[in-house]
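1. kindly return the folded structure for what I paste below:
(chains A and B)
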Amino acid sequence: MIEMRNLTKTFKDKISVNQLSLVIQPGVVTGFLGPNGAGKSTTMKMILGLMNPSEGSVTIDGQSYKALKQPISKIGALINGNAVNPKLTAKQHLEIIAAASGISEKQTETMLMETGLEKVKDKPIGTFSLGMKQRLGIATALLGDPETVILDEPFNGLDVDGIHWLRELTRKLAQDGKAVLVSSHLMSEMQMIADRMIILAQGKLIADMTIDELSQNSLGSFIKVRCEDNKELQLLLTAKGAEVKQGKNEELHVYQLDMEQIGLAAKTGQLALFELTKIQPSLEELFVELTEGKIDYVSTDNLLAKGRESR
Amino acid sequence: MKNIIQAELKKIFFLRFSRVYLLLTIGISLLAGFIFSITTNVTQGRAITDLSVMEIVSANMLGIDLASILLITFTALSISREFTAETIYTSLAAVPDRKKFFIGKYVTFFLLSIAVSILIVALIYLSSQIILMMNNMAAASLADADIRQFVLGVVLMPVFYCLLTVAATIFFKNSGGGIAFSIIVMVMPALINMFSDTVQKVLLPVMPQSAIHSLSGSAAEGSFEALGTFTSIGLLLLWLVVTSIISTLTFQKRDF
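-> Residues are numbered from 1 along each chain as shown, chains lettered A, B, ... in the order given. You can find the predicted model right below:
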């Protein structure tokens, strides 16, 4: 189990990670989301001891990563798929890591098979596409059969088959009881694979909950209602504390009340309901809502668009 | 530690570049030594037959200077690849204890440089015998204490500069820094020789070249370079220990 306590990383003029306290649980795929510069990669690097925390601590089963006897059997990580020597072959790359960790060479063959690189194992990595390099990075991460798998942007460069494979793999790893931490900017992918979401912005923890919990807490989540008398129903719902907005096509958008409460209100007013639909925001919409005003790097076009919206 | 050294050796020998470069280092050093010893009439104004056995061996062993420079470059290029190709991520994920990682690299390059150095010195020694034989001169015998001391002493040169380069390259995180540092240390005595005796008296005895020359017996008696055996060994170790400590401390604090 990975535990972070008040983890902080400060650079000269910027706090990259700010007082982050988290526990990465086994048996769960945890999505790690955040805008560029939110501190995701810095956090992952601090877990692996590649960066030293300015404050706080990160432990793996109570020990720092540097103190672990067989670290790659505790955590397997893909930090940068391109961080490979292009002159080596895939097999040689894995054999070097295996040798350093005292893992048998047979395991390298197994990982090459599992990641679909068996046919190209003797080709120089320099001839690989980004997707193939990502597969090799994942093979490296899984080489020591680790208890925790950390994957930073693993979907980058993967083709459709690769994306399907990675979805299945992350699910299987979690089912096998491993803790899986995946960072990605692909919201749709994260929505499909992650059981739990950790959202960072400007180094701070914005949310740590399941997607359902995120939706429930979202301001963007509402109930779409069509009724025989919208005006009458709006009065009844407002009296119950709901916020009601007029939608398109004679529909009401009801916030802060659940479906049962709306149904009971309609029953009180003896109004027939034609539609009662819960509208869940997509992960992307939730992400935008949660990180509003907390993004360090925004394009000029987006800034102008936001300015127009606010006017 | 055995695992780390095995992995480091694989990192070196899996690459065709390394295998070719090391073979070329041996070949070029041997050739350079041979050329130095057969061109003494041009370089020293004396025919080869006018030279003593020791002088011929000594001229031939100049090839080891070139071997040192080539090995410095090889070491710096090999180690800096960890930083430029960012393979340091996977290396440190497998061996997160940076002190252990540093020692592993250090021992690997020590073993490699000592093997290469012994091989080159042995080949140059053999080529010296051939040159002596071709000129109907007596063979250079290791039974001669001066020749033995010289041959054993010069073996240290590539090893010392290779280890210095390991520390410097990890400190600077690039090959340029590693090469420049070791070459500067190597050529510094030549620069110091341009200054007054007072400056030479202070600086020359602390330069590694003085220790290597003293150990190989090529430092002239009474010169500023001449040091005792233990002082020479101590001086070389001091250079290696100080540069390693500085490099390790920096490496441990560094973020990747």
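
2. near the closest residue to residue A:246 other than its chain neighbours, how many other residues are there?
-> Excluding the flanking residues, the one nearest residue A:246 by Cβ to Cβ, 6 or more residues apart in numbering or on different chains is residue A:252, at 6.6 Å. In this view, the C-beta of every residue, glycine as well, is placed from N, C-alpha and C. Residue A:252 is flanked by 22 other residues according to other Cβ atoms under 10 Å in any protein chain shown.

3. residue A:252 pairs with what?
-> Beta-bridge partners recorded for residue A:252 (DSSP bridges): residue A:225, residue A:246.

4. right, and it touches residue A:222 too?
-> No - in terms of Cβ atoms under 8 Å, residue A:252 does not count as a neighbour of residue A:222; the distance is 9.2 Å.

5. could I get the full set of helices for the chain?
-> I went with chain A, as the question did not name one. A:40-47, A:90-101, A:105-114, A:130-142, A:160-175, A:187-193, A:211-216, A:230-239, A:259-268, A:283-291, A:300-310 (DSSP state H).

6. not quite, I wanted chain B
-> Under DSSP H, chain B gives helices at B:2-13, B:16-38, B:40-43, B:53-60, B:63-84, B:88-94, B:98-134, B:145-172, B:175-192, B:197-203, B:208-216, B:229-253.

7. pick out the residue nearest the middle of chain A.
-> Residue closest to the average C-alpha location in chain A (Cα atoms, centre = their mean): residue A:31, at 2.4 Å.

8. returning to what we had before: for the helices of chain B, could you give me CSV that also reports distance to chain A, mean neighbour count and mean pLDDT?
-> Below are the helices of chain B laid out as CSV (distance: least, Cβ to the nearest Cβ, whole Å; neighbours: other Cβ atoms under 10 Å in any protein chain shown; pLDDT from 0 to 100):
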stretch, distance to chain A, mean neighbour count, mean pLDDT
helix B:2-13, 4, 19, 94
helix B:16-38, 7, 17, 93
helix B:40-43, 39, 13, 82
helix B:53-60, 35, 21, 88
helix B:63-84, 6, 22, 95
helix B:88-94, 4, 24, 91
helix B:98-134, 8, 19, 94
helix B:145-172, 15, 23, 94
helix B:175-192, 14, 18, 94
helix B:197-203, 38, 13, 91
helix B:208-216, 31, 24, 93
helix B:229-253, 7, 15, 95
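
9. ok, residue B:2 to residue B:12 distance?
-> 16 Å (Cβ to Cβ, to the nearest Å).

10. also residue B:161?
-> 17 Å.

11. and the helices of chain A, which one is worst for confidence?
-> Mean pLDDT is lowest for helix A:300-310 among those, at a mean of 55.

12. what residue in chain A is the furthest from its centre?
-> Relative to the mean C-alpha coordinate of chain A, counting by Cα atoms, centre = their mean, the farthest residue is residue A:270 (45.2 Å).

13. residue A:148 contacts residue A:2, doesn't it?
-> Yes - counting by Cβ under 8 Å, residue A:148 touches residue A:2, with 6.0 Å between them.

14. okay, and the common contacts of these two?
-> Residues touching both residue A:148 and residue A:2 (Cβ atoms under 8 Å, 6 or more residues apart in numbering or on different chains) are A:24, A:60, A:75, A:179, A:181.

15. looking at these, spot the one nearest chain B.
-> Closest approach between the shared contacts of residue A:148 and residue A:2 and chain B, by Cβ to the nearest Cβ: residue A:75, at 7.7 Å.

16. residues touching that closest one, list them.
-> A:2, A:47, A:48, A:60, A:65, A:146, A:147, A:148, A:149, A:150, B:93.

17. that one pairs with what?
-> residue A:148.

18. separation between the residue nearest to residue A:117 when sequence neighbours are not counted and chain B?
-> Spatial nearest neighbour of residue A:117, chain neighbours left out: residue A:90 (5.2 Å); criterion: Cβ to Cβ, 6+ apart. Here residue A:90 is placed at a distance of 12 Å from chain B (Cβ to the nearest Cβ, to the nearest Å).

19. the stretch 51-200 of chain A against chain B: which residues are in contact?
-> With Cβ under 8 Å from any Cβ of the partner chain as the criterion, the stretch 51-200 of chain A meets chain B at residues A:51-52, A:65-66, A:68, A:71-72, A:75, A:77, A:79-80, A:82-89, A:92, A:95-97, A:99-102, A:140.

20. just the buried ones from those residues?
-> By neighbour count, with 16 or more other Cβ atoms under 10 Å in any protein chain shown, these hold A:51, A:65-66, A:68, A:71-72, A:75, A:77, A:79-80, A:83-85, A:87-89, A:92, A:95-97, A:99-102, A:140 as buried.

21. gap between residue B:223 and residue B:152?
-> Taking Cβ to Cβ, one finds residue B:223 at 20 Å from residue B:152.

22. an error on my part: the question was meant for residue B:176.
-> Distance from residue B:176 to residue B:152, by Cβ to Cβ: 33 Å.

23. for the nearest residue to residue A:52 once chain neighbours are set aside, what are its contacts?
-> If the residues on either side of it in the chain are set aside, residue A:52 comes closest to residue B:255, at 6.3 Å by Cβ to Cβ, 6+ apart. Residue B:255 is in contact with A:45, A:50, A:51, A:52, counting by Cβ under 8 Å, 6+ apart.

24. quick one: residue A:261 and residue A:236 touch, right?
-> No - using Cβ under 8 Å, residue A:261 is not in contact with residue A:236; the gap is 10.4 Å.

25. who has more neighbours, those two?
-> residue A:236 (20 against 16).

26. any chance of the backbone angles for residue A:122?
-> The phi/psi pair for residue A:122 (degrees, to the nearest 10) reads phi -100, psi 10.

27. thought it was touching residue A:89?
-> Yes - between residue A:122 and residue A:89 there is a contact at 5.1 Å, judged by Cβ under 8 Å.

28. residue A:161 versus the residue nearest to the centre of chain A, what's the distance?
-> Relative to residue A:161, and taking Cβ to Cβ, residue A:31 is found at 22 Å.

29. show me the contacts for residue A:195.
-> So residue A:195 contacts A:28, A:29, A:30, A:174, A:210 (Cβ under 8 Å, 6+ apart).

30. if you set the cut-off to 6 Å instead, what comes out?
-> A:28, A:29 (Cβ atoms under 6 Å, 6 or more residues apart in numbering or on different chains).
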